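A.B. asks: Return a 3D structure for these sequence lines:
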Amino acid sequence: MLLSSDLWVSALIRRAELGGAFATVARKGDARAGTVIVKAFDTSNRRARLYSEAFGPDGERLWMQPVESEFESELDAYIQRQIGYDPDLWVVEIEDRQGRHFITEKVAGGGE
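C.D. replies: Numbering: from 1, shown residues only. Next comes the predicted model:
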């Protein structure tokens, strides 16, 4: 059974805070079933990465990097496009000296 989006986001923020990072909800979506995008900003090299929620064939939550760019503005533009498609979208921003995303589920492509 999957957690509701609001509960999952709360747990992610708590994990990040316990790990010494700053995390915030940049956009609140549907509490029960809103899709989540995590923007992880590495404060040591000033680079960001995006992680988008997806679901595997068995319904398990997994994550992928939908777009990669050296320019944060391109990542933000991707987020804005996704909001246009999905008004229930959540956006969580995490700032960490090591660029960690604190996602515990599988990240496609071998992310940490």
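A.B. asks: who are the neighbours in contact with the nearest residue to residue 68 once chain neighbours are set aside?
C.D. replies: In this structure, residue 68 finds its nearest non-sequential neighbour in residue 49, 7.1 Å apart by CB to CB, 6 or more residues apart in numbering. Just so you know, the C-beta spots here come from the backbone N, C-alpha and C atoms, and that holds for glycine as well. Neighbouring residues of residue 49 by CB atoms under 8 Å, 6 or more residues apart in numbering: 39, 40, 42, 65, 68, 75, 99, 101.
A.B. asks: residue contacts, residue 22?
C.D. replies: Residue 22 sits next to 16, 94, 95, 96 when contact means CB under 8 Å, 6+ apart.
A.B. asks: Any buried residues in stretch 90-99, and which?
C.D. replies: For stretch 90-99, a neighbour-count test (16 or more other CB atoms under 10 Å) marks 90, 91, 92, 93, 94, 95, 96, 99 as buried.
A.B. asks: Tell me which two in those are the farthest apart.
C.D. replies: Using CB to CB, the pair of the buried residues of stretch 90-99 lying farthest apart is 90 and 99, separated by 20.3 Å.
A.B. asks: Distance to residue 3 for the contacts of residue 22 - can I get that in TSV?
C.D. replies: Converted to TSV, the contacts of residue 22 look like this (distance: CB to CB, whole Å):
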residue	distance to residue 3
16	16
94	18
95	24
96	22
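A.B. asks: Could you pick out which of those residues are located in helices?
C.D. replies: Secondary structure from DSSP state H places residue 16 of the contacts of residue 22 in helices.
A.B. asks: Let me know how buried residue 27 is, in neighbour terms.
C.D. replies: Here the count is done by other CB atoms under 10 Å, and residue 27 has 14 residues near it.
A.B. asks: should've said residue 102
C.D. replies: If we define neighbours as other CB under 10 Å, then residue 102 has 22 of them.
A.B. asks: can you tell me how far it sits from residue 32?
C.D. replies: Distance, residue 102 to residue 32, by CB to CB, to the nearest Å: 22 Å.
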